[in-house]
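**Student:** sequence and predicted structure below; questions after.
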Amino acid sequence: MKFTTESLRPFGSVVRIGHAGRTRRSRPTAAIGVPALLLSALALAACGSDAPPEETVSAETGMREQPAAEPLPDAAAVAERLADYAPFTLTADLGDLGDDQRRMIGLLIDASKIMDDLFWRQAWGDGHEEWLADLPAGPVRRFARINYGPWDRLADDRPFVTGVRPKPAGASFYPPDMTVEEFEAWDQPGKDGLYSLVRRDAAGDLELIPYHEAWAGELGRAAELLREAATLAQDEGFARYLGLRADALVTDDYQPSDMAWLDMKTNRIDVVIGAVETYEDQLFGYRAAYESFVLLKDMAWSDRLSRFTAFLPELQRGLPVPERYKAEEPGSDSDLNAYDALYYAGDANAGAKTIAINLPNDEEVQLAKGTRRLQLKNAMRAKFEKIMQPIAEVLIVEEQQDHVTFDAFFANTMFHEVAHGLGIKNTVDGSGTVRAALKDVASSIEEGKADVLGLYMITELHERGELGDTELMDYYTTFLAGIFRSVRFGASSAHGKANMVRFNFFADEGAFTTDETTGRYRVDFEAMQAAITKLSAKILTLQGDGDYEGAKTFTDTLGVIRPELADALARVNAADIPVDVRFEQGREVLGL
């Protein structure tokens, strides 16, 4: 079914048709942090071959140099995995933009391509273009580009090229021979910083190299492109932001540009660019990866959505936890907007694609000004039509399939992002941030919090009549179908891991039942509401206490695929439903 702009209206009349990306593993203790699951996967991928060649480190850059690719054991199998990504053309109507604005978009895409190259170096190492050229042309090379390396991001990072080691948990942020114990014993201020690489000096000791020094040339060129784009910007606030973001790229000081980004309200074109999320650092969750989104704001939609952030302070006070876990006040400048995505690059484009954004991540900025939530309409529409609706037809009982709607999917995704602003950013004992306290499980816990508090917000707002002529069951049933969609991202996705936890928690609480005849799922309305309250309190308490061991145990215990879920996913796979989307994008696609 084709959705027009009007049919995408999130609240009001309902069109019935009946989550950015990625989880950190529990912290490893092996030399390069290789989980047992990946070790076993490697054994399967390289069965009958010689042991993988040793990795070497570039004397010039300190980055890992990868061995040349060997022939794939089964290129047809990789072609099947490629089919798990449904193609989607990423475009929007640019007809009302002037020549300068169109030129500006082109410059932003050019800067984004530099972020893409830098993410390759963070995820894989130096020489990725040469490595890609050694792979067979066609599906194999395309699959490697989707995954930014030889590890399948939707299959727990299993290698799909022989002769390649399991993916290091620290990607290329750390020396390949560094142990966790060595890092933790290293007396180095700033070693847990967002914007530096850990390398070895000439004596073999660990050293920090700031991003802006390691990639001075590339970041300087990206900064030049942003400054050139600023000269074409019609919106003064956007021009100021682009200049400050250019400064951030060459200094690693992002806070001024984050503040400026939240200050601008009237810009039609937007870009999120730089080192942003820490998902790729699965060893410690410290280091930020480069990415970019080039976006076109839907001004009419954004006006309709903006009013919901005004409810944050009141909803914060109503959270089902003691006062000390909700003492922080959400920023008053938070806003909510709808966009069409024009270009994805780097971390944003790796594996499962983001459909909504909540930034900045800087806790000081969040407390001072709040955050901005960006709903990517065209990307959401692609996932709903190609993935969510077919999953619902397979796994939701027939009498509840009418409750799976695009309106509810949009709202669940939107309130997930809004809910990142609820709860607590700093531990109740004042020892530091929740993110620092929960280390490698911080991301999956935070994603789980946002999902369940999103449902809490929907429930509260629906009871107040703020969501228009909709049924609360729409949101709950669509949410259940969404769990099946997201859990297919696997344990290497924060959203996938969080969904495993939530599915198992809700199952244990009786929030849904299984039809004995059809094997399909049925939401229990009252049990779902009780489970939402209980899980909200659990996660908020873990975060507020900075309880790393408790959060890790909670995630390790429930963040698994039990037989019941495995059976459901097998039925989805048997129906040949894609797992995610891959974008056909760029200047040519946009007519630039």
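**Tutor:** Noted; the coordinates are in hand.
**Student:** which residues of the stretch 401-550 of the chain fall in helices?
**Tutor:** Ranges of helices within the stretch 401-550 of the chain are 406-419, 434-438, 442-463, 472-487, 494-508, 525-545, 548-558, based on DSSP state H, counting those that start in this stretch.
**Student:** out of those, the one nearest R200 is which?
**Tutor:** helix 434-438 (25.2 Å; CB to CB). (Each C-beta comes from the backbone N, C-alpha and C, glycine too.)
**Student:** now for the chain, the helix or strand with the poorest mean pLDDT.
**Tutor:** Least confident helix or strand, the chain: helix 36-45 with a mean of 30, by mean pLDDT, DSSP states H and E.
**Student:** and the longest strand along the chain, average pLDDT?
**Tutor:** Counting residues, the longest strand in the chain under DSSP state E turns out to be strand 335-346. Mean per-residue pLDDT for strand 335-346: 94.
**Student:** elements contacting the next helix or strand after it?
**Tutor:** Next helix or strand after strand 335-346 toward the C-terminus (DSSP states H and E): strand 356-359. Packing partners of strand 356-359 (3 or more CB pairs under 8 Å, 6 or more residues apart in numbering; DSSP states H and E): strand 269-277, strand 372-376, helix 406-419.
**Student:** go again using 6 Å as the cut-off
**Tutor:** With contacts taken as 3 or more CB pairs under 6 Å, 6 or more residues apart in numbering; DSSP states H and E, strand 356-359 sits against strand 372-376, helix 406-419.
**Student:** what comes up buried for stretch 515-532?
**Tutor:** R520, Y521, V523, D524, M528, Q529, A531, I532 (16 or more other CB atoms under 10 Å).
**Student:** who wins for proximity to G237 among the helices of the stretch 401-550 of the chain?
**Tutor:** Among the helices of the stretch 401-550 of the chain, helix 406-419 sits nearest to G237 (CB to CB), with 21.5 Å.
**Student:** determine how far the closest one lies from the middle of the whole chain.
**Tutor:** Helix 406-419 has its C-alpha centroid displaced from the chain centroid by 15 Å (CA atoms, centre = their mean, to the nearest Å).
**Student:** run through the neighbouring helices and strands of it.
**Tutor:** In terms of contacts (3+ CB pairs under 6 Å, 6+ apart), helix 406-419 is packed against strand 356-359, strand 372-376, helix 442-463, helix 472-487.
**Student:** go again using 8 Å as the cut-off
**Tutor:** strand 335-346, strand 356-359, strand 372-376, helix 377-383, helix 442-463, helix 472-487.
**Student:** would you turn those into CSV with distance to Q122 and mean neighbour count?
**Tutor:** Converted to CSV, the helices and strands packed on helix 406-419 look like this (distance: least, CB to CB, whole Å; neighbours: other CB atoms under 10 Å):
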stretch, distance to Q122, mean neighbour count
strand 335-346, 8, 24
strand 356-359, 19, 22
strand 372-376, 23, 25
helix 377-383, 23, 22
helix 442-463, 16, 23
helix 472-487, 24, 24
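**Student:** Q101: which of these is closest?
**Tutor:** Taking the helices and strands packed on helix 406-419 one by one with CB to CB, strand 335-346 is closest: 11.7 Å.
**Student:** pLDDT at the residue of the chain positioned farthest from its centre, what is it?
**Tutor:** Residue farthest from the centre of the chain, counting by CA atoms, centre = their mean, is A203 at 37.7 Å. Looking at A203, its pLDDT is 97.
**Student:** now do the SS call for it.
**Tutor:** coil (DSSP: H, G, I helix; E, B strand; the rest coil).
**Student:** residues in contact with it?
**Tutor:** Contact analysis of A203 by CB atoms under 8 Å, 6 or more residues apart in numbering lists nothing.
**Student:** for A437, list the residues it contacts.
**Tutor:** T427, S431, G546, D547, Y548 are the contacts of A437 under CB under 8 Å, 6+ apart.
**Student:** actually, V294.
**Tutor:** Contacts of V294 by CB under 8 Å, 6+ apart are I105, L108, I109, S112, I269, D270, V271, A341, L342, Y343.
**Student:** skipping its backbone neighbours, what lies nearest it in space?
**Tutor:** Leaving aside its chain neighbours, V294 sits nearest to Y343 (4.0 Å; criterion: CB to CB, 6 or more residues apart in numbering).
**Student:** would you mind measuring from the one you found to H128?
**Tutor:** When distance is defined by CB to CB, to the nearest Å, Y343 is 20 Å away from H128.
**Student:** nothing else from me, thank you.
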